[in-house]
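# here is my input; please provide its structure:
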Amino acid sequence: MPLPYLLLDHLRVNYQAAGHVHTAVRDVSLSLARGEIGCLLGPSGCGKTTVLRAVCGFEPLAGGRIVLDGHEVANAQSSEPPERRQVGVVFQDYALFPHLDVARNIGFGLGRMARGERQARVERLAERVGLAGALKQYPHELSGGQQQRVALARALAPAPALLLLDEPFSNLDLDLRERLAVDVREIIRESGATAILVTHDQHEAFAMADRIGVMHAGAIAQWSPARELWRMPANRAVAEFIGRGALIPGTFRGSVDGGGISVELGELAVSPMLADKLLRNAAKDTYPVNVDVLLRADDIAHDPASPFEGTLVRRAFRGADQLYTLRLASGREVIARVDSELTHAAGERVGLRLTVEHPVAFAARVAGV
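Got it, this is the predicted structure:
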């Protein structure tokens, strides 16, 4: 098996505040092969940008090591400076030079290149990011999406082996973010660079990354391909963040060969893999097993013929569909994605049917544990 291009090995980053040492990043490990795109996903304050700054060389390590292409560039005792790491960075605010036009912004890091070669590379990159006709324009004359493309082209200009993107789409509207995420993935792929994206938006993460690390309280809760992250979240923190569903109680009956879970809205079939996990993690000598089941918006459908109902609390129109927030008889709330033509009013009873294809469930926590 080839060695990873990027290896983060048990990283720890501390900072001083009010005379105390606080740990911002704890025991973070991940690896990326050459040309792979990874993502650190999580809410503000979880430590994802601190990891990126450590990889850049802007934050010292309190523990662990960073290895680039087989060469250790940082550990708790020493650190190579940022300029020696062959890393390109796209910042959240793009950090373009307002007094330079697009061509000079893109070519800013190519000062040692011969003039003709530099001009040719700038023109190739501008064409790649869709800005061939804007080389003489200045940042203030560009849209947000165009500015983002200039920042990307500038970061790619010196041909970095590693590209880091810190919330690069956060200043853009939703539709533009989703379109650019796909475009940027293709541009990075063409460049051959290995890349890490930092974002709080799971749609960006799924659109761009080969592997995603969900960060929680300074640590990576799970590092997986997007499909695995969605279908098999490692713990409750990941499950509640990915897909933004609701955990509702249920009861598992079965064996390691499979079985079923009863919840307030019906029955769910359980695979042998999930059954084995639930039985292993259940409180000792407990059967049937009390569980918590993750229900996402796509797991619940409107069905007027169903014997199971919820009371509509509120609805959010989204064009092609709506999101219904519904209160069950137990008082718990779930979300369902329904047809945009439905016109239920708040307080109305709505028939519901489970459409779960890949159940996600966890053995219920024991009181006091």
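# please compute how far stretch 38-46 lies from its chain's middle.
6 Å (Cα atoms, centre = their mean, to the nearest Å).
# what does it contact?
Outside stretch 38-46, the residues that touch it by Cβ atoms under 8 Å, 6 or more residues apart in numbering are 6, 30, 32, 48, 51-52, 195-202, 204-205, 208-218, 220, 241. Heads up, the C-betas are built off the backbone N, CA and C, glycines and all.
# so which helix or strand of the chain has the lowest pLDDT on average?
Within the chain, no helix or strand scores below helix 174-191, which has a mean of 84 by mean pLDDT, DSSP states H and E.
# how about that helix as CSV, C-alpha atoms only?
Output in CSV follows, covering the C-alpha atoms of helix 174-191 (Å, rounded to 0.1, in the frame of the first residue of the first chain):
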residue,chain,number,x,y,z
LEU,A,174,-26.7,29.0,-1.5
ASP,A,175,-27.2,28.3,-5.3
LEU,A,176,-23.8,29.8,-6.1
ARG,A,177,-22.1,27.8,-3.4
GLU,A,178,-23.5,24.5,-4.7
ARG,A,179,-22.5,25.2,-8.3
LEU,A,180,-19.0,26.4,-7.4
ALA,A,181,-18.3,23.4,-5.1
VAL,A,182,-18.7,21.1,-8.1
ASP,A,183,-16.6,23.4,-10.3
VAL,A,184,-13.9,23.7,-7.8
ARG,A,185,-13.7,20.0,-7.3
GLU,A,186,-13.1,19.5,-11.0
ILE,A,187,-10.5,22.3,-11.1
ILE,A,188,-8.6,20.7,-8.2
ARG,A,189,-8.8,17.3,-9.8
GLU,A,190,-7.3,18.7,-13.0
SER,A,191,-4.5,20.3,-11.1
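# not counting it itself, show me its contacts.
By Cβ under 8 Å, 6+ apart, helix 174-191 touches 35, 37, 128-130, 144-145, 148-149, 152, 156, 159, 163, 165, 168-169, 172, 195, 201, 203-204, 207-208.
# any idea which element Arg124 lies in?
Using DSSP states H and E, the element containing Arg124 is helix 115-128.
# relative to helix 174-191, how tilted is whichever helix or strand comes after that helix?
Downstream of helix 115-128, the next assigned helix or strand under DSSP H and E is helix 144-156. Comparing the axes of helix 144-156 and helix 174-191 via axes from the mean of the first three to the mean of the last three Cα atoms, to 10 degrees yields an angle of 20 degrees.
# still on that earlier bit, which ones among the contacts of stretch 38-46 map onto strands?
6, 30, 32, 195-199, 211-216, 220 (DSSP state E).
# ok, the residues you listed vs Gln77, which is closest?
Top of the list for closeness to Gln77, among these and by Cβ to Cβ, is Leu6 at 20.3 Å.
# from what I can see that closest one touches Ser29, true?
No. Contact criterion Cβ atoms under 8 Å: Leu6 and Ser29 do not qualify, at 11.4 Å.
# re the thing from before, ranking the ones in strands among the contacts of stretch 38-46 by neighbours, who comes first?
Leu197 (30 neighbours; other Cβ atoms under 10 Å).
# if we can go back for a sec, in the ones in strands among the contacts of stretch 38-46, find the pair that's most separated.
Taking Cβ to Cβ as the measure, the ones in strands among the contacts of stretch 38-46 have their most distant pair in Ala195 and His216, spaced 22.4 Å apart.
# and for Leu156, the neighbour number?
Leu156 has 23 nearby residues by other Cβ under 10 Å.
# contacting residues around it?
Gly88, Leu125, Leu163, Ile187, Ser191, Ala193.
# just checking, the first one touches Leu162?
The one in question is Gly88. Yes. Contact criterion Cβ under 8 Å: Gly88 and Leu162 qualify, at 7.2 Å.
# what's the overlap in contacts for these two?
Ala193.
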